[in-house]
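# Give the three-dimensional model of this entry:
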Amino acid sequence: MSILIDEKMKVVIQGITGREGTARAKLMKDYGTNVVAGVTPGRKGETVHGIPVYDTVEEANEREGPLDVSVIFIPAALVREAALEALAAGIKLLVIVPDRVPLFDVLEIARVAREKGSRFVGPNTLGLISPGKAVLGMIGGRAESAREWFKPGVVGVTSRSGGITSAISYYLGKAGIGQSTIIHVGGDAVVGTSHPDVVQLFEKDEGTRAVVMFGEIGTSQEERVADLIEQGGFSKPLIAFIGGAAAKSGTRFSHAGAIIEGGRGTHEGKVRRLREVGAHVVEDFNDIPKVTMDVLKSL
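Below is the predicted model:
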C-alpha cells in the first residue's frame, strides 16, 4: 500500500517547459508516474517527453482529466496563482516544489485548499515517492537512481530535510528495509502537510507497519506528533531522529523552519516529549536502520 499517490493517479506538471519542469517530467514519466499533461501559458500544442502541453490547468483537466495531482515548478512569486488555478480545477493534491514562496501566499493557498477539501505538500519540498509505483517532484533525481535507492516495503518515511529524506530511505533499503511511501514535508516554517498530517495518513495505511521521522528544531511538528501518540491518534511504532542538537536560541539550523525562538522548538524538548510517549528516539543517525529492524522484528 501507499499514501497520497499510486501508479494510477493522473498528474499534471505546472511549469513543465521550464528547466526543472522538463528535467523532472522525465524523472516522473520514466519512473512510471501517470503524467498525462503539462501546463505553461502560451505553449499549448507543444510536447515535453511526449507529454502534451496546455495553456491552462482547466484545459488540461478537460482534455486529459479528471486530474488528481499537480506538481508545481513555477517561480516562487507565481506559485500562489498557479496553486489557486489548480485548486479551482478541482485537483485534490498539489506538490509545491519551489522554495522562498511568500508566507502570506502559502497561507492563502492553505485557506483555499481547506475550503475545497484538497491538500498540498510543500512548499520547499523534493516531493514524495511510493517505491515501485510513482514519484512526484524530484526525489531520486533520475528514474534509475530512484529505482536503485528506494525499495517497496512496510516502513513510512517523513522528513523535514530533502537530503535526509533520501539518505534515510537509502540506508533503510541497504539494510533490507523497504518503504511504503517517502515524503519530504518541506523545510519552511509553514507547510501544507506536516509531520502530524503524514503520520495520521500512515496510521490508516494497512501497508505501513512503522514510521521513521526526521525532525528538526523549530516549529511544533514533532511535539504534535507526540500529542497524537498520547491521544491514540497514531499507534504504530515511531523511530525518530531530531537534528539540531547543538543549535542555540535564535540560530537557524539548515532550513527556514528550523529556528529556536524564545525557548520553543528545542532539540531537548522534542526528544523529551517523544520519549515520554514511547517513540524510539535515536541519538546517532546511523542507528536508524538497526533500530527500525529491531522494531519490525518485535511486531
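# Touching, Lys29 and Gly38? I think so.
No: under the criterion of Cβ atoms under 8 Å, Lys29 makes no contact with Gly38, lying 10.4 Å away. The C-beta positions use only the backbone N, C-alpha and C, and glycine is treated the same way.
# Looking at the two, which has the bigger crowd around it?
A count of neighbours by other Cβ atoms under 10 Å puts Gly38 above the other of Lys29 and Gly38, at 28 against 20.
# How about that one, nearest residue that isn't a chain neighbour?
Ile16 (2.9 Å; Cβ to Cβ, 6 or more residues apart in numbering).
# Quick check: that neighbour touching Val48?
Yes: the pair Ile16 and Val48 passes the contact test of Cβ under 8 Å, sitting 5.1 Å apart.
# Mind listing the shared neighbours of Lys29 and Gly38?
Ile51 (Cβ atoms under 8 Å, 6 or more residues apart in numbering).
# coming back round to it: spit out the residues that contact Ile16 and Val48 alike.
Joint contacts of Ile16 and Val48 (Cβ under 8 Å, 6+ apart) are Thr22, Ala25, Gly38.
# got a list of what the residue of the chain positioned farthest from its centre touches?
Seen from the C-alpha centroid of the chain, the residue lying at the greatest distance (Cα atoms, centre = their mean) is Gly45, 31.1 Å away. Residues near Gly45 by Cβ under 8 Å, 6+ apart: Val53.
# Can you classify it by secondary structure?
coil (DSSP: H, G, I helix; E, B strand; the rest coil).
# can you give me phi and psi for the residue lying closest to Ile96 once chain neighbours are set aside?
Once flanking residues are discounted, Ile96 sits nearest to Gly122: 3.6 Å by Cβ to Cβ, 6+ apart. Dihedral pair for Gly122: phi 100, psi -160, per degrees, to the nearest 10.
# now swap in His195 and tell me
The phi and psi values for His195, taken as degrees, to the nearest 10, are phi -50, psi -50.
# Excluding residues flanking it in the chain, which one is nearest it?
His195 sits nearest to Gln221 (Cβ to Cβ, 6+ apart), 4.2 Å away.
# wait, that neighbour sits on Gly215?
Yes: using Cβ under 8 Å, Gln221 is in contact with Gly215, at 6.7 Å.
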